[in-house]
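Visitor: From the sequence below, what's the structure:
(2 chains)
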Amino acid sequence: MINRTGEFKHILSVDIGGTFTDFSLLDLNTGKVSVNKVLTDADQPEEALISGASELLERIGVGYNELRLVVHSTTLATNAIIERKGAKTGLITTDGFRDILELRREQIYDMYDLQARYPEPLAPRYLRQGIRERTDSNGLILERVAEDDAVKLVDGLLDEGAEALAIALMHAYKNPANEEALKAVIENHFPDVTVSISSEVAPVINEYERTSTTIADCYIKPSVSKYLAGVRDRLSGLGYTGELLVMHSAGGVIGSDAASQRPVRLLESGPAAGALAASFYGTLLSKPDLVSIDMGGTTAKTCVIEGGKPAITNSIEVARIHRFKVGSGLPIMIPVLDLIEIGSGGGSIAWTDSLGLLKVGPHSAGAKPGPACYGLGGTIPTVTDANLLLGYLNPNYFLGGKMQLDINAARRAVSALAQTLGISEVQVAWGIYSVVTENMAASARLHIIGRNKDPRNYSIIAFGGAGPAHACDVARILGATEVIVPLAAGVTSALGCLTAPLSLEDVRSLPGSLADFNAEDVNNIFRNMEASGLKLMNQAGVPEEHVELVRSADMRLKGQIHEINVPVSPGELNPSNIEQIESDFHAIYQEFYSRRNLNIPIEVQNWRLLARGPEPIVNLREEAVTDNVDLTGALKGTRKAYFRDSGGYVDCPIYDRYKLTAGSRIEGPAIIEEQDSTAVMSPRDSVLIDRWLNLVFKIG
Amino acid sequence: MKEFDPITLEIIWSRLLNVTEEMWTTILRTAVSTIIASANDFGCEIMDKHGRSIAHAYRSMPVFNMTMPNVTKEILKKYPEKSIKPGDVFLTNDPWMCAGHLPDIAVVTPIFKGNMFVGFVGNIANTSDIGGSLDEKRVSDSYEEGIFFPICKLYDRGKPNELVFDMFKWNVRAPEMVLTDIEAQVAANEVGSKRVVALIEEYNLGDLSALSHQIRARSESAMRKAIEEIDDGVYTNEVYTDGMGIPLKIAVKITVVGDEISVDYTGSSPQVDRGGLNCTLIYSTGHTLYPLACLLTPGVPVNEGCFAPISTYAPEGTIINCTFPISVGSRLNTGWYIHGAIFGALAQVMPERIQAGNGLMSGLRTYGFHQDGRVFNAHLFSGGGRGAGSAGDGMGLNMFPSSASNVPVEVFELNSPVLVLSKEFITDSAGAGRYRGSPGLKVTIAKSSNYPGPLNIYFHPNRLSFPASGVFGGLSGKKTRVVLNGKVLSDDPKALTQGYLTLENDSDRLELHFPSGGGMGNPFERELSLLELDVRDGIVSRDAAMQIYGKKNA
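Guide: Residues are numbered from 1 along each chain as shown, chains lettered A, B, ... in the order given. Just a heads-up that it's a prediction; the model follows:
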């Protein structure tokens, strides 16, 4: 249960990423946020979690028993799939369809690579078996599951060593009876076996995607439940009395029990936290329409925030074997924040292609050996090396001085490339910076335009270790005029966890023409989803009167594959609601595509329900704003830094972010350093420090 | 002419490719036919003032590589630069200029920066209906295959050409669907024009000429360099297709001299009247250039420069270069075999890069009326097994050489009165080899019991007579096999030229075995650990492991 009152004044959030584990502690009385960052322990992530949390709590002088809430986001679930460290999982399908998982959509993802391979299916063929049973497309059961068959088949799979069983039967999204019967048989005869069924995990049409989602859920379930139970035990051993909440991919949190039951929901837990932090700042600064750019060591993630909320989509692809090639991974049908991720990070490698052009990424030097300037043996130039040579990074203040950067190593790495390209080292360094900046702007532009919006109308919020160094130029390319860099930009994601409401999304497919809308069926669907949503929210400590239920439908013109989400009114629906739904669809369609729609019938694919608790109130500490601030105290000195607008290197002032007070104004060029990130502004830009100590850049 | 450094060129070129991606996404999201929205049968292009291609959307159907620039150059012949005005939009589906059959409609829009003409954007999409006969195999000439639009203006200075719209309205089935898709094509070009103009302004390019020159020159030199690495020589091959029950021959002679390649199809079968099996030269050229791009410059974004060092020739009046008004509707039943012919010809000089024969996909379609009068018209595509490569087994089952995806069984069943009873791998079907091909698929179909009448299944199989070939001692894959109620129909290829099969009763079963891929290398050399996995997974039987792979203990 959540402690909602009393003495519990702090909320702790923990975001475990691939390289770092970030912590942020919010004091609910003062609004002060304290942060910590430690290296992730890949083998025992809970160890780094506990040690980093204890370190932070001790520093601030807060005991575990004073925490109101612990909120956690993690890439653990995703990594279990990428690294294939999940349970040995069997798959039971309708007889005749055991190969659905391996057949995928029979589509080639790179038409010019004759060697383009697909990822191995999560269950090899000998662990995939069909059972006699059938439901038709109307949901009519043509053949039931025979108990004897089921016992024999499961026995066989367990003999082969299966530890968990995923079940995905034809048309189970329409009628779950056969899946439920099969699950009951397994629970009766083999109570220790972990089971996931498609009608619970992803009750949506399309057998491949549904099966893929169900087996992914099953595959990670044992390890995720064990991990979360372990974290809970450790925390309560240290005196914490509250519930452990976990961030899910749709930008809400759920209790760790619910998370363990449906772990596939956690797949984008980490990136979701970043997007939520962005929307939190959007609301705080009264800028409900924002684009967030979260650039870390290996990737940059972009998310569009509209009306204060991150956009949500219905599926995601994980564990791509070609990291940024769409179609080379495993599709997962879950509601997920609509992020686009590209291979542009501080560690992205610069290289030349067969055309003699300079490319940056998508490959990354990672943490080891990392960029050449880390001095850990890397010799290949990266974005970080270029930024160091351009004077943007301080070799003595990387990660707050925890790491010394070797500028000569960076120069050596870049000089090889300069020879190949026949240009100077400086031109190469500027080229690397420009290309990676352009790549981020291009992906952001496609993402914004994909929603039929104009990038010039958005403010950009930039965070992550590398984001603030590139953000002003990304904005310039997009035609945006404002960039916001929050305080502690290197650990912004962890703050996102603090702002997430408890929420659960549910979905049922009932594909058909809107004209054939059957009010009774749809009312039944919503009744069931609402009852189960209220129950789960109640279990998580949110009383019914505080739960908001939001209905919607995924709709499209007949024949289209891309659906748009249309709100549906609450209460009993009757055939007269069709008109309203239809006109809402047309309005949103028009907004999305700016196109008139000829007389094509409308189809409804899925009905969705979002059950949401109240949003936590997070009040960041506000500082007094003064005009005409004297900047000399914050000035650390100057450094030669390269700006194209200045025609080369200039003496650039360097500021200590922690000493910049609210109301300070700086004209570019300038560099502003904090522990985990460095913000760079060109001579055309200026910045104002606002009352929450955010950097608010005006782009010239 | 303005010279770009390798960084500026990288940035502008990437931007241009992103524009094609935006055009592609516009069509994907707003088209309404299954074939365009779901199977992605379309492509987008940016061209300079002379119609030369400089950027090609990455996910386009590969055969459209040179189609767009070809159409655009033809447009310029009919409408010289001076007569082209802002707001003009051109349209044609001429199979001899365009993509080889009438359903492929090209929409080309000139780009204007203010009043200055700076280049073209264009796209081609496979419309869901173009009129004509429903049974592609029955036609005896092009006139029966649907409506033919010579190059015309769909919009003239922004004003719709009502005649063209009316021609669609009265000549195609489901005109609303067709016209919505065409509108998606027009919208994609609008998006593309806008972005190209913004790019020209930002970089002060004037028009696309300097950029075009440098993109093409760099690509051309990458292709020449790749060709130079192949030993000079003449490489030949012959492959056979099913034809209308009588095999047709594709003969190919590839001549490599220095940094140029010429591909000559002399000796291929004469064109055939019935069945639409003939390829126009532009279509054959597309299918010639695509596999060569895969082999030679897989990392270079496709543009006209890539293909400058490659020439294609075929005598007029053959299945590779057919003449109007011969029928062309099912030209993929011929054109898709060209890849195998080219891979086979180059096997000796590019053993590391080529692939063994591919199984090729087949489509089937149901069409009819429900009792309440509603029409149903649904497709189920099934991929063929890919051929083995030098580094591993065939890469799964897919639609090669098309970029399409399948249609989910659940969607197919929802949209037509059928029950699919199986869709799974066939044991021992994969072409054996040191690396094996991908196995073939068995798909079993019955009529839904709530559909009273007989149900026609329209079916145009590939590889009825000739399996995907193996290379370097690898064995060939398995042919297509068609079994209706236990009777094997595919033993007599002529029996299947009527274009459809009928399910009369609920108990009728149509069993389709789709073709698998060929193997590479001697099966006896297959690594034991790989073979053991195949046996464990039921891809290879124990008997076959012993007899074909020569393993005693697998």
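Visitor: residues contacting the residue in chain A that chain B sits nearest to?
Guide: Here chain A gets closest to chain B at one residue, A:Gly96, 3.0 Å apart by CB to the nearest CB. Every residue, glycine included, has its C-beta placed from N, CA and C. For A:Gly96, the set of contacting residues under the criterion of CB atoms under 8 Å, 6 or more residues apart in numbering or on different chains consists of A:Gly130, B:Val420, B:Leu421, B:Ser422, B:Lys423, B:Glu424, B:Thr444.
Visitor: cool, A:Val38 as well?
Guide: Contacts of A:Val38 by CB under 8 Å, 6+ apart are A:Phe20, A:Thr21, A:Phe23, A:Ala48, A:Ser51, A:Gly52, A:Glu55.
Visitor: A helix includes it, no?
Guide: No - secondary structure assignment places A:Val38 outside any helix; it is strand (DSSP: H, G, I helix; E, B strand; the rest coil).
Visitor: before we move on, which element is the closest residue to it other than its chain neighbours in?
Guide: In space, not counting the residues next to it along the chain, A:Val38 is nearest to A:Gly52; the distance is 4.0 Å by CB to CB, 6 or more residues apart in numbering or on different chains. When secondary structure is defined by DSSP states H and E, A:Gly52 falls within helix A:45-60.
Visitor: Would you indicate which residues of that helix are buried?
Guide: In terms of neighbour count (16 or more other CB atoms under 10 Å in any protein chain shown), helix A:45-60 has its buried residues at A:Pro45, A:Glu46, A:Ala48, A:Leu49, A:Ile50, A:Gly52, A:Ala53, A:Leu56, A:Leu57.
Visitor: ok, now stretch B:348-368?
Guide: Per 16+ other CB under 10 Å, stretch B:348-368 contains these buried residues: B:349-350, B:353-367.
Visitor: now do stretch A:600-613
Guide: Taking 16+ other CB under 10 Å as the criterion, stretch A:600-613 shows A:600, A:602-613 as buried.
Visitor: The stretch 1-150 of chain A: helices as residue ranges?
Guide: All helices of the stretch 1-150 of chain A, identified by DSSP state H, counting those that start in this stretch, fall at A:45-60, A:76-82, A:100-103, A:147-159.
Visitor: contacts for the shortest one?
Guide: If you take CB under 8 Å, 6+ apart as the criterion, helix A:100-103 is touched by A:91, A:93, A:121-123, A:125, A:128, A:168, A:207-208, A:211-212, A:215, B:383, B:396-397, B:406, B:423, B:425, B:441.
Visitor: List the residues that contact A:Gly361.
Guide: Under the criterion of CB under 8 Å, 6+ apart, the contact list for A:Gly361 reads A:Ile342, A:Gly343, A:Ser344, A:Gly345, A:Ser348, A:Ile349, A:Val436, A:Asn439.
Visitor: ok, now with 7 Å
Guide: Counting by CB atoms under 7 Å, 6 or more residues apart in numbering or on different chains, A:Gly361 makes contact with A:Gly343, A:Ser344, A:Ser348, A:Ile349, A:Val436, A:Asn439.
Visitor: In terms of helices and strands, where is it?
Guide: Using DSSP H and E, the element containing A:Gly361 is strand A:358-364.
Visitor: Just the CA atoms of that strand, as PDB, please.
Guide: The C-alpha coordinates for strand A:358-364 follow below in PDB (Å, rounded to 0.1, in the frame of the first residue of the first chain):
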ATOM      1  CA  LEU A 358      31.700  11.100 -43.300                       C
ATOM      2  CA  LYS A 359      29.200   9.000 -41.300                       C
ATOM      3  CA  VAL A 360      28.600   9.000 -37.500                       C
ATOM      4  CA  GLY A 361      27.000   6.000 -35.800                       C
ATOM      5  CA  PRO A 362      24.900   3.900 -35.400                       C
ATOM      6  CA  HIS A 363      27.700   1.900 -33.800                       C
ATOM      7  CA  SER A 364      29.000   3.000 -30.500                       C
END
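Visitor: from the contacts of A:Gly96, which is closest to A:Val185?
Guide: Taking CB to CB as the measure, A:Gly130 is the one of those closest to A:Val185, at 15.7 Å.
Visitor: Contacts only, for the residue nearest to the closest one when sequence neighbours are not counted.
Guide: Nearest residue to A:Gly130 in three dimensions, chain neighbours excluded: A:Asp95, at 3.6 Å (CB to CB, 6+ apart). Residues near A:Asp95 by CB under 7 Å, 6+ apart: A:Gly130, A:Ile131, A:Arg132.
Visitor: I'd guessed A:Tyr649 sits against A:Lys640; true?
Guide: Yes - taking CB atoms under 7 Å as the definition, A:Tyr649 is a contact partner of A:Lys640 at 4.4 Å.
Visitor: Just the pLDDT for B:Leu134.
Guide: pLDDT for B:Leu134: 81.
Visitor: Now it. Nearest residue, chain neighbours left out?
Guide: On the basis of CB to CB, 6+ apart, the spatially nearest residue to B:Leu134 that is not a chain neighbour turns out to be B:Tyr367, at 6.8 Å.
Visitor: Please name the residues that touch that neighbour.
Guide: B:Tyr367 makes contacts with B:Leu134, B:Asn377, B:Asn456, B:Tyr458, as judged by CB under 7 Å, 6+ apart.
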